[in-house]
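Engineer: Predicted model, plus sequence, below.
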There are 2 protein chains.
Amino acid sequence: MGNLARKVAIIGAGMNKFGRNFPQKRNPDMWIDAWLEAVKSVDNGIEPKDIDACYVGNYSSDLFNHQGHLGPQMANLVGLTPKPAPRFEGACASSGIALRQAIIAVASGIHDVIAVAGMECMNELPTALVTDTLATASDSLFEYTAGATFPGLYATIATAHFKKYGTTPEDLMRVGIKNHKNGAENPYAQMQQTIKQIMEKKISRLTKEGKPAPDWKDEFDFLKSSSNPMIAFPLRLFDCSLVTDGAACVFVASADVAKKFTDTPIWIAGTGQGSAALSLHDRDELTSFIATREAARQAYKMAGMEPKDIQMAEVHDCFTIAEILAMEDLGFYEKGKAVEAIRNGETKRDGTLPINTSGGLKSKGHPVGATGVAQAVEIFKQMRGVAERNRQVKFDVERALTHNLGGSGGTCVVTIYKK
Amino acid sequence: MGNLARKVAIIGAGMNKFGRNFPQKRNPDMWIDAWLEAVKSVDNGIEPKDIDACYVGNYSSDLFNHQGHLGPQMANLVGLTPKPAPRFEGACASSGIALRQAIIAVASGIHDVIAVAGMECMNELPTALVTDTLATASDSLFEYTAGATFPGLYATIATAHFKKYGTTPEDLMRVGIKNHKNGAENPYAQMQQTIKQIMEKKISRLTKEGKPAPDWKDEFDFLKSSSNPMIAFPLRLFDCSLVTDGAACVFVASADVAKKFTDTPIWIAGTGQGSAALSLHDRDELTSFIATREAARQAYKMAGMEPKDIQMAEVHDCFTIAEILAMEDLGFYEKGKAVEAIRNGETKRDGTLPINTSGGLKSKGHPVGATGVAQAVEIFKQMRGVAERNRQVKFDVERALTHNLGGSGGTCVVTIYKK
């Protein structure tokens, strides 16, 4: 148990421009955009006849769009009928699961090439119902009915982390500032502005309106002001990821078949998945996710790697505190030590361990069912050295990791990539 | 491509009593019932420590129960935290997909033993909303918004079959009469009565009330009367499957590990999955499902078998016409010839090719996300020779098949079993 019978690689990857795409674009339209971007990225070209199956990750088109049974619909749009088209769900880790199951299926010998999709069209619902729909990924009996939603649950986790390790609101802000800076360089990100730019725009607008300019020396002053309202203490607006419509696509292939498509496949070195009780009250601790630790353990073991071998990562920053937990649970830093690294700038794009060069969920956006595959798209680009604008990391990426979380840590999928 | 790297077997299987279990039992309770039944069926016993992952098939707990993210919740209830717990969806083929992906995962080498779950708790919604929720498995743009629901879509298919092949309402009734007879012998079935018994009760009730006894010579007279109201011509009430709460569980294992648990594993000989455009208007024909033909082609090829090798089958009779289509699309009979076999009684429990000895979706019930795994439970029991009451088939079952359909044929999963 624990090892794959065949080697598996990613041979192509792409995503649509994340943002508020509804009503101009819904899942079918965004999926086709992502598909075409992924097709373009395959060196020797790829056609539907080359592909054996379509694996679709999506959290809840049922509640967001009153459309279930997405798999065959998406397969049909890109010419893959009558091939297998299952859908996979694990809350916000849905397409991380789709990717993992595609890797497993190629390894099993049943398929050689699989198109892996991730998508979510969230803006069809008004924001209050988005929050309600996302809350169905918590425990409907013990959490949802008690009035908990995810900002509240992650706020609980943040305050516990503050108490145990001395983490501060400024540390959370540093995560947001970094990720916005990365997202501003990503043409596919929902947010195209740094927090400093957002602040300066605000000042300029107030000045134009003849109002007194706020006394903000830097982004931290702005983020502590009423312009960044408290959502659930200590999480403010800019600690929360976005409501996003988006889709992403990667093609995975077996080793021998991958060679037909490209000379530079990105290899899957390891995959792991973990789970936990949905409810926070049912966990042993609030400041660490057992699902992440277990998924990472499996993935490192399969890859024959340790945390120190990873050169860059996309982690699941649905809230800023979640990036800090991930950095620790993945073993990059000891518990309580991640904030030191953040303060030192180690996880910036030019740091020793760049994290969320895409902008992360915070700035690239978080169309929940698309996020897992979109993380793989970013790693693919960075490892190929083709990341857009000014965000390509300055070293050759040989080994990277993605971390995709569902709910408040009920599901986690970790994938390790190598050249 | 197309073959599995390792042999896979089913080593245990069980289900709860299907029926209107809500509000006494919801998904968590029914899943534990099914799990315990499956555990009991493993010859040498099985414990959570023996199991590597929990694969959950479910159509839409999102809409039925306002609870997503079922995988980790179900895994946690049976002591499987922090192991991988993905959820799989393909409308009414959701747990057929979960079973297929578990087979693939064991074959890949990543897991040795997987608990496969299927579940749906439908009665939490009033019937009109159940119909609406199920309709989200059709095309929400072209079918749902035009007012189509599944009884209407299958009625369209039935009338097309009538026109092309001379099939009659009585042929549909024969399917229902047979399946009710089988279900009456299945202690886990929702309906525990034959149609004759239902008719006789009705006569007796009318007589007690001093009303004139209806002039019904046999079940057909009853089924043609207003006691069997028309739902969507030509489908009447007794042509439709049931609204059911239920859960089912099977354990799959790799060949070498299976031996630890039992001397008589049921082997997976083949698995196939197909897809089609969701909308009927987007298909080449109405009287045959391309997804079924493709899934069957793959499964037969992997098994090295032909339709004539199959000795019994559970097929997806969500409507009586669907059983007829399945008999033909699976290659058991030529197109248009299935009804002859039905008229001759070939598919009865004591016929040459027993179909739906469990009672099928028509009488055992159709908790949509549980159905795929529940079909495997029936085959497991029949191949082991332990089917309850009077419904064990009279020959030694060496090779059998399950056919699990999603929507109006948008997804199909076919599994072939051998001893």
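Structural biologist: That came in fine, so what should we check first?
Engineer: Stretch A:83-93 and chain B, any residue contact?
Structural biologist: Yes - Stretch A:83-93 reaches chain B (CB under 8 Å from any CB of the partner chain) through A:83, A:84, A:85, A:86, A:87, A:88, A:89, A:90, A:91. Bear in mind the C-beta positions are built from the backbone N, C-alpha and C, glycine included.
Engineer: Scan these and report the most crowded one.
Structural biologist: The member of the residues of stretch A:83-93 next to chain B that has the most neighbours, counting by other CB atoms under 10 Å in any protein chain shown, is residue A:90 with 37 neighbours.
Engineer: what's the closest of the residues of stretch A:83-93 next to chain B to residue A:148?
Structural biologist: Proximity of the residues of stretch A:83-93 next to chain B to residue A:148 (CB to CB) peaks at residue A:91, which lies at 14.5 Å.
Engineer: quick revisit: just the ones in strands from the residues of stretch A:83-93 next to chain B, please.
Structural biologist: Using DSSP state E, A:87, A:88, A:89 are the members of those that sit in strands.
Engineer: tell me the contacts of the last one?
Structural biologist: With contact taken as CB atoms under 8 Å, 6 or more residues apart in numbering or on different chains, residue A:89 is in contact with A:57-60, A:97, A:369, B:68-69, B:71, B:86-89.
Engineer: which residues does it bridge with?
Structural biologist: Note on residue A:89: beta-bridge partners by DSSP bridges are residue B:87.
Engineer: Mind pulling the model confidence for it?
Structural biologist: Residue A:89 carries a pLDDT value of 98.
Engineer: so which strand or helix has the residue nearest in space to the middle of chain A?
Structural biologist: The residue lying closest to the centre of chain A (CA atoms, centre = their mean) is residue A:371, at 4.0 Å. Using DSSP states H and E, residue A:371 sits within helix A:371-384.
Engineer: Show me what that helix packs onto, helices and strands only.
Structural biologist: strand A:8-15, helix A:94-108, strand A:113-121, strand A:245-254, strand A:266-275, strand A:312-314, strand A:399-406, strand A:411-418 (3 or more CB pairs under 8 Å, 6 or more residues apart in numbering or on different chains; DSSP states H and E).
Engineer: mind listing what the third one pairs with, with the direction of each?
Structural biologist: Strand pairing for strand A:113-121, determined by DSSP bridges: strand A:53-57 (parallel), strand A:245-254 (antiparallel).
Engineer: tilt between the last one and strand A:8-15?
Structural biologist: So that's strand A:245-254. Strand A:245-254 and strand A:8-15 are oriented at 160 degrees to each other (axes from the mean of the first three to the mean of the last three CA atoms, to 10 degrees).
Engineer: same deal with the shortest one?
Structural biologist: Between the direction of strand A:53-57 and that of strand A:8-15, the angle (the same axes, to 10 degrees) works out to 60 degrees.
Engineer: so what's residue A:101 up against?
Structural biologist: Listed by CB under 8 Å, 6+ apart, the contact set of residue A:101 reads A:55, A:86, A:88, B:86, B:101, B:104, B:105.
Engineer: quick one: which of those is nearest residue B:335?
Structural biologist: Using CB to CB, residue A:86 is the member of these that lies nearest residue B:335, at 27.8 Å.
Engineer: these two touch, right, the closest one and residue B:97?
Structural biologist: Yes - using CB atoms under 8 Å as the test, residue A:86 is close enough to residue B:97 to be in contact (4.5 Å).
Engineer: what's the overlap in contacts for the two?
Structural biologist: Joint contacts of residue A:86 and residue B:97 (CB under 8 Å, 6+ apart) are B:88, B:89, B:90, B:273, B:411.
Engineer: Find the residue closest to the fourth one in space, skipping its chain neighbours.
Structural biologist: This means residue B:273. Nearest in space to residue B:273, with sequence neighbours left out and distances taken as CB to CB, 6 or more residues apart in numbering or on different chains, is residue A:84 at 3.6 Å.
Engineer: what two of the shared contacts of residue A:86 and residue B:97 have the greatest distance between them?
Structural biologist: B:89 and B:273 (13.0 Å).
Engineer: Quick check: neighbours shared by those two?
Structural biologist: With CB under 8 Å, 6+ apart as the test, residue B:89 and residue B:273 both reach A:86, B:97.
Engineer: and the contacts of residue A:101 as CSV, adding distance to residue A:125?
Structural biologist: Shown next, in CSV, are the contacts of residue A:101 (distance: CB to CB, whole Å):
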residue, distance to residue A:125
A:55, 25
A:86, 25
A:88, 22
B:86, 25
B:101, 29
B:104, 34
B:105, 34
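Engineer: just curious, which of these is nearest to residue A:156?
Structural biologist: Among these, and counting by CB to CB, the member closest to residue A:156 is residue B:86, at 26.1 Å.
Engineer: I appreciate the help and will end here.
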